[in-house]
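Enquirer: Dropping the sequence and predicted coords here.
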Amino acid sequence: ETTLDVAALRAQFPILSTQVDGRPLVYLDSAASTQQPQAVIAAVSDYHRAAHANIHRGNYRLSQHATRLYEHARAAVARFLNAAEPAECVFTRSTTEAINLVAATWGRANLGPGDEILLSNLEHHSNIVPWQMLAEQTGARIRVIPIDDAGDIDLDAYRRLLSPRTRLVGVNQVSNALGTVNPVREIIELAHAHGALVLVDGAQWVAHGRTDVRALDADFYAFSGHKLYGPTGIGVLYAKRALLETMPPYQGGGDMIEQVSFEATRYAAPPTRFEAGTPNISGAVGLGAAIDWIESVGFERISAHEQWLLRHATERLEAIPGLALKGRARRRSCVASWVMEAPAISSLDLGTALDLRGICVRTGHHCCQPLMDRLGVAATVRASFGVYNTLEEIDTLADALIEIADETRARQARVAPVAETA
Ligand code: PMP
């Protein structure tokens with residue numbers, strides 16, 4: 001059961017009352033990007049209308065006001081993550097940039113030949129490619145933590161991979177392709193016992209449950225605003241203060257310095273050391289508003305609602321003959337991933353047919369090609385749910401899938417005799 005007043009909540013999202021070809025929009029792609037509530041849209045537009053100026057360097061009041069809004073958003077992020085202090089939260093463009101920042105600064109300063117980076121088989125390309133680039137530059141080596149057929153990380157194999165050579169473990173808290181919720185607390189504890197640091201990719205977690213970086217004892221934690229009901233172009237890297245202090249800068253430029261001469265530059269303290277140039281001020285303001293908004297809904301209610309949707313989706317999809325659901329992890333976030341095997345319909349064709357009915361799902365490899373290889377598929381169709389989705393929308397999806405499969409069967413029956421006489 002759900003205790004959310006979904007109708008009232010949906011009314012806060014202008015886009016959800018729009019139509020596609022005269023049909024209501026059925027938005028089932030929140031794992032890619034969540035939609036934005038009026039509170040976020042208003043915060044960003046109010047900022048543009050009445051508070052915009054470049055931050056930090058102005059001695060006039062408008063600039064000081066914009067600076068306060070930007071730093072206020074950082075404080076909201078710190079509270080949201082339960083960081084020890086706002087200075088541990090660096091604004092980035094995205095999860096992708098947060099991970100690249102760690103690889104380029106901490107990684108290049110600390111890794112060398114023989115060092116090992118452990119990455120799970122569930123990772124998004126953004127938590128693979130930056131480490132591969134780093135491995136090429138430093139001679140470090142990437143090793144893969146395997147998963148089982150259900151899509152759970154093989155913790156025994158992980159224990160066996162850990163060694164004094166392990167320097168960093170990169171793992172997502174939730175898999176975007178299968179919805180697996182990983183036991184990150186345990187993964188971190190094991191890594192720390194071997195002296196390794198852990199980067200948690202929280203992109204798919206933060207909108208679905210409470211995050212506590214200190215309870216996790218995460219060394220690095222990354223997420224994106226656009227998966228948390230906030231704007232695109234803004235993300236966060238959390239890192240423990242002691243680590244940030246030792247990390248060299250990422251990009252050079254304005255704002256990240258204490259003093260510059262042509263002979264030498266002294267860098268600013270964290271977090272500004274890692275925020276060269278004019279940042280995405282309105283994005284940060286929007287992210288702060290998204291955090292306030294999601295906290296006002298409450299994670300207990302969000303999680304109960306989403307698990308209710310997931311159970312219904314699993315039941316409905318399982319009942320469709322010829323549809324193979326992928327991912328049966330012990331604990332799952334609200335993601336359903338499948339392949340239409342009989343009649344065989346490519347994920348791209350299925351996605352297009354669903355789009356013609358106003359249903360938005362994601363198709364393809366979901367930026368997880370190594371995971372697709374492990375599953376033995378080229379692609380899946382993925383429906384992912386947010387706090388605003390309804391049981392009726394899941395029924396619309398399931399009914400559409402049945403209809404599309406029936407139409408495909410009928411078409412094949414018409415074509416088949418011709419093929420047989422040929
Ligand atoms: N990690 C995971 C698990 C994701 O789902 C995504 C977004 N699909 C990313 C990283 C990258 O996020 P962004 O594109 O916002 O950098």
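Expert: Structure's in. What do you need? Being a predicted model, the structure only gives us computed values, none of them experimental. Residues are numbered from 1 along each chain as shown.
Enquirer: from here on, contacts and neighbour counts on C-alpha atoms
Expert: OK.
Enquirer: shaky segments in this structure?
Expert: 417-422 (pLDDT under 70).
Enquirer: Just give me the residue right at the centre of it.
Expert: Ala203 (2.4 Å; CA atoms, centre = their mean).
Enquirer: All the strands of the stretch 1-150 of the chain, residue numbers only.
Expert: Remark: strands assigned in the stretch 1-150 of the chain by DSSP state E, counting those that start in this stretch are 19-20, 23-24, 26-27, 89-92, 116-120, 141-145.
Enquirer: and the stretch 151-300 of the chain, which of its residues are near the ligand?
Expert: 172, 175-176, 201, 203-204, 224 (CA under 6 Å from any ligand atom).
Enquirer: Distance from the longest helix anywhere in the chain to the middle of the chain?
Expert: Secondary structure of the chain per DSSP state H: the longest helix is helix 391-421. Helix 391-421 has its C-alpha centroid displaced from the chain centroid by 33 Å (CA atoms, centre = their mean, to the nearest Å).
Enquirer: tell me what it is packed against?
Expert: helix 299-318, helix 347-355 (3 or more CA pairs under 8 Å, 6 or more residues apart in numbering; DSSP states H and E).
Enquirer: Would you mind identifying the next helix or strand past the longest one?
Expert: Next in sequence after helix 299-318, counting helices and strands by DSSP states H and E, comes strand 323-326.
Enquirer: gap between that following strand and the chain center?
Expert: With CA atoms, centre = their mean, you get 23 Å for strand 323-326.
Enquirer: now swap in stretch 343-363 and tell me
Expert: 22 Å.
Enquirer: again, but for stretch 276-285
Expert: With CA atoms, centre = their mean, you get 20 Å for stretch 276-285.
Enquirer: Could you pull up phi and psi at Gly139?
Expert: Torsion angles at Gly139 (phi, psi; degrees, to the nearest 10) stand at phi 80, psi 0.
Enquirer: That one and the ligand: what is the separation?
Expert: Distance, Gly139 to the ligand, using CA to the nearest ligand atom, to the nearest Å: 24 Å.
Enquirer: what's the closest of the strands of the stretch 1-150 of the chain to the ligand?
Expert: strand 89-92 (9.5 Å; CA to the nearest ligand atom).
Enquirer: any chance of the strands of the stretch 1-150 of the chain in TSV, plus mean neighbour count and distance to the ligand?
Expert: Formatted as TSV, the strands of the stretch 1-150 of the chain follow (neighbours: other CA atoms under 10 Å; distance: least, CA to the nearest ligand atom, whole Å):
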stretch	mean neighbour count	distance to the ligand
strand 19-20	12	24
strand 23-24	14	25
strand 26-27	23	16
strand 89-92	26	9
strand 116-120	24	11
strand 141-145	19	16
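Enquirer: now those as a markdown table including distance to Leu243?
Expert: Formatted as a markdown table, those follow (distance: least, CA to CA, whole Å):
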| stretch | distance to Leu243 |
| --- | --- |
| strand 19-20 | 48 |
| strand 23-24 | 48 |
| strand 26-27 | 40 |
| strand 89-92 | 12 |
| strand 116-120 | 17 |
| strand 141-145 | 22 |
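Enquirer: what about those strands, which gets the closest to Val297?
Expert: Taking CA to CA, strand 26-27 is the member of the strands of the stretch 1-150 of the chain nearest to Val297, at 19.6 Å.
Enquirer: I'd like the helices and strands packed on helix 391-421 laid out as a markdown table, including mean neighbour count.
Expert: Formatted as a markdown table, the helices and strands packed on helix 391-421 follow (neighbours: other CA atoms under 10 Å):
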| stretch | mean neighbour count |
| --- | --- |
| helix 299-318 | 18 |
| helix 347-355 | 18 |
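Enquirer: phi, psi of His208?
Expert: With angles defined as degrees, to the nearest 10, His208 sits at phi -120, psi -20.
Enquirer: give me the number of residues near it?
Expert: The local packing of His208 (other CA atoms under 10 Å) involves 24 other residues.
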